[in-house]
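Q: fold the following and give me the result.
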Amino acid sequence: MVITAPFNTALRAAAMLLFVVVIAACSRTPNAMPTGVGNLGPGGGAPGSQQEFLVSVGDRVFFETDSSSLTSEAMATLDKQAAWLNQYQNYRIMVEGHADERGTREYNIALGARRGSVVVNYLVSKGVNSQRITTQSFGKERPVAICNDISCWSQNRRAVTVVQ
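A: As a prediction, the model looks like this:
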């Protein structure tokens, strides 16, 4: 009996720990619908919400080095943005232009402005009212990734559509 008592105590502790872990995991189940919430879109955003735009549509497009030309991936994202914005016309947007850390501050502000303008022009060509859109260039001042490598630079060469 002396040998089994510590074993039983350890077994009970392990079972209790397993129970707590299972309960904690269940409370973090993705896409669980909160009580009292109606029809949620993918990712938990209600249709027409800023969260739905961010998760389902995508808020950013990326550019090649020293370029303000839209890639095919960027145009596909902007097509989805335009469709969403045309469906939910109560939102205004700001298009932010960004650049990577290479180049002068002045050059990157101008490059970010060109990137923002090309996105605005594309959205307007898809029917989004230009009166709903503002644009601002941040150049290299607001990086999302910081390192001296192509993996970071490519993330920073972007235009972000902010739903307001």
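Q: all strands of the chain, in order?
A: Ranges of strands within the chain are 60-62, 93-98, 133-139, 158-163, based on DSSP state E.
Q: figure out which of these is closest to Gln50.
A: Ranking the strands of the chain by proximity to Gln50 (CB to CB) places strand 158-163 first, at 4.7 Å. (C-beta placed from N, C-alpha, C; glycine too.)
Q: my understanding was that Val144 contacts Arg157; is that so?
A: No - counting by CB atoms under 8 Å, Val144 stays clear of Arg157, with 10.4 Å between them.
Q: among these two, which residue is more densely surrounded?
A: Neighbour tally, Val144 and Arg157, criterion other CB atoms under 10 Å: the higher count belongs to Arg157, 24 against 11.
Q: that one contacts Arg60, doesn't it?
A: No - Arg157 is beyond contact range of Arg60, at 10.3 Å (criterion: CB under 8 Å).
Q: any stretches of the chain with poor pLDDT?
A: Across the chain, residues meeting the criterion (pLDDT under 70) sit at 1-44.
Q: how far away is Val162 from Glu64?
A: In this structure, Val162 and Glu64 are 23 Å apart, going by CB to CB, to the nearest Å.
Q: and for Ile150?
A: Counting by CB to CB, the gap from Ile150 to Glu64 is 11 Å.
Q: run through the bridge partners of Val163.
A: Ile93 (DSSP bridges).
Q: identify the residues contacting Thr135.
A: Met94, Val95, Glu96, Gly97, Ala113, Gly116, Ser117, Val119, Val120 (CB atoms under 8 Å, 6 or more residues apart in numbering).
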